[in-house]
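Trainee: could you look at this predicted model? Sequence included:
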Amino acid sequence: MSAGLALDAGIVALLLCAAGAAVAARSAFAGVVGFLAYGLALALAWVRLAAVDVALTEAAVSALTGVLLLGAAVRLRASEAAVAAERPSRGLRLAAALLCSAVAAGLAAVVLAFADPAPSLAPDAARRLPATGLDNPVTAALLSWRAVDTLLEKVVLLAGLLAVWSLAHDRAWGGRPGPPPRATRDGALALLARLLPPIGIVTGVYLVWTAADHPGGAFPGSTLLAAMWVLARMAGAVDAPAVGDPRLRAALVAGPLAFFAVGFAGYAWADGFLAYPAGWAKPLIVAIEIPMTISVAAALALLVAGPPVRAPSR
Amino acid sequence: MSALLDGLGAAAIAAGALFFLAGTVGLLRFPDPLSRVHALAKADAVGLGLIVLGLLPHAADVATGAKLVAVWALVQLAGTAASQLLASAARRGAASG
């Protein structure tokens, strides 16, 4: 058995164990910890499959959802014992088991029924790549060929943020999320919040910029930028902005607006929605990516910050 | 020369892996949070340091080597800070409960 195969087998075993631990965990907190380990192992698996773009996104998404789920698990802790004590009826449990088995069997059947060789658009993508002026086919797929999917994803992110904000109390609407910042007395956290952001911000901007030609992307880059802000906020160095602040609202919609503007301009200068004129694909994609990064980073940071709790100052 | 470097590199990586193994055993077997954090922090710092040291002779160029060292330095920074935070949280928890 070659070393590569042994490594792959180890990663698969790790994935199965982490997934099993996440599902079988007795407490929500332990389940989230299993989910975090699962996300890390999955990112490793994508690296082994040479899909570095996907690995970066997986690591970013799983870290972000992990933080959100951890927060939810801690908030739900008080009522967790009561929920766990309720035992659903035998019929309900049987129905759940049957439905889950049916879904698993269906997925297995689909995977086993794949055509061999699997249908692939990779040769087409490689042939058309020069027309986009990009060197990274993943970015070309995300922002040129399937740009409308990417656009809708970003809009969904804003809808998610609105859902979080709508949990706010009436008197806090338009105010700031979380308690007022208090400078941390923990030396380690203060040091980390001073040393890490310069590195993280440069790396985040680099990930966005390099995505045209190398693995990277606006989403992992934005996640890193948002994480640096969350770190500074944890250490009490910055306060969360008021959700009613017009500058914040502008930052949040800048990306989708730029995307829509370029999209509708496609009717005028090319042949339809989100079509780029020949030779202009790359500059237009960069013009979308930059405001998009700002919007996504702001939305992710505010998702972590939660609904506003402090009344706006007048 | 290169055979010597290869041997030293392999020895360093093996020693690093041993530190990770010991750290994991410590995480599973030590009785209280503080000693578990201690076991993990040592594995991160020394284990990863030795593995990076062992990989350095195989780095294709100076830039790759610098990246390896940067990975170690970043893990060092995040790992030690996280250990401090965990330890102070564990102490607060012990004091209040």
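Mentor: Good, I have the coordinates. Residues are numbered from 1 along each chain as shown, chains lettered A, B, ... in the order given.

Trainee: how near is residue B:68 to chain A?
Mentor: 16 Å (C-beta to the nearest C-beta, to the nearest Å). (Each C-beta comes from the backbone N, C-alpha and C, glycine too.)

Trainee: give me the neighbour count for that residue.
Mentor: 17 (other C-beta atoms under 10 Å in any protein chain shown).

Trainee: which SS state does it fall under?
Mentor: Recorded secondary structure, residue B:68: helix (DSSP: H, G, I helix; E, B strand; the rest coil).

Trainee: you'd agree it is up against residue B:56?
Mentor: Yes: here residue B:68 reaches residue B:56: they are 6.3 Å apart, a contact under C-beta atoms under 8 Å.

Trainee: after the host helix or strand of residue B:3, next one along is what?
Mentor: Taking DSSP states H and E as the criterion, residue B:3 maps to helix B:2-29. Counting by DSSP H and E, the next helix or strand C-terminal to helix B:2-29 is helix B:33-42.

Trainee: low-confidence ranges, chain B, go.
Mentor: B:1, B:96-97 (pLDDT under 70).

Trainee: how about the residues of it by chain A?
Mentor: Residues of chain B lying close to chain A by C-beta under 8 Å from any C-beta of the partner chain are B:74, B:77-78, B:80-81, B:84-85, B:88.

Trainee: mind listing what the residue nearest in space to the middle of chain A touches?
Mentor: Compute the mean C-alpha point of chain A, and by C-alpha atoms, centre = their mean the closest residue is residue A:61, 3.5 Å away. By C-beta atoms under 8 Å, 6 or more residues apart in numbering or on different chains, residue A:61 lies in contact with A:39, A:219, A:223.

Trainee: same question, residue A:288
Mentor: So residue A:288 contacts A:143, A:255, A:258-259, A:262 (C-beta under 8 Å, 6+ apart).

Trainee: residue A:213: neighbour count?
Mentor: 13.

Trainee: so is the residue nearest to it when sequence neighbours are not counted in a helix, a strand, or just coil?
Mentor: Beyond its immediate neighbours in the sequence, the residue positioned closest to residue A:213 (C-beta to C-beta, 6 or more residues apart in numbering or on different chains) is residue A:135, lying 3.8 Å away. Secondary structure assignment for residue A:135 (three-state DSSP): coil.

Trainee: for residue A:135, what are its contacts?
Mentor: A:129, A:212-214.

Trainee: take the residues you listed and keep only those in helices.
Mentor: Among these, DSSP state H puts residue A:129 in helices.

Trainee: who wins on neighbours among the contacts of residue A:135?
Mentor: Going by other C-beta under 10 Å, residue A:212 tops these with 19 neighbours.

Trainee: number of nearby residues for the nearest residue to that residue once chain neighbours are set aside?
Mentor: Leaving out its chain neighbours, the residue that sits closest to residue A:212 by C-beta to C-beta, 6+ apart is residue A:134, at 5.0 Å. Neighbours of residue A:134 under the rule other C-beta under 10 Å: 21.

Trainee: from residue A:276, how far out is residue A:134?
Mentor: As judged by C-beta to C-beta, to the nearest Å, residue A:134 and residue A:276 stand 11 Å apart.

Trainee: what's the overlap in contacts for the two?
Mentor: In contact with both residue A:134 and residue A:276: A:144, A:285, using C-beta under 8 Å, 6+ apart.
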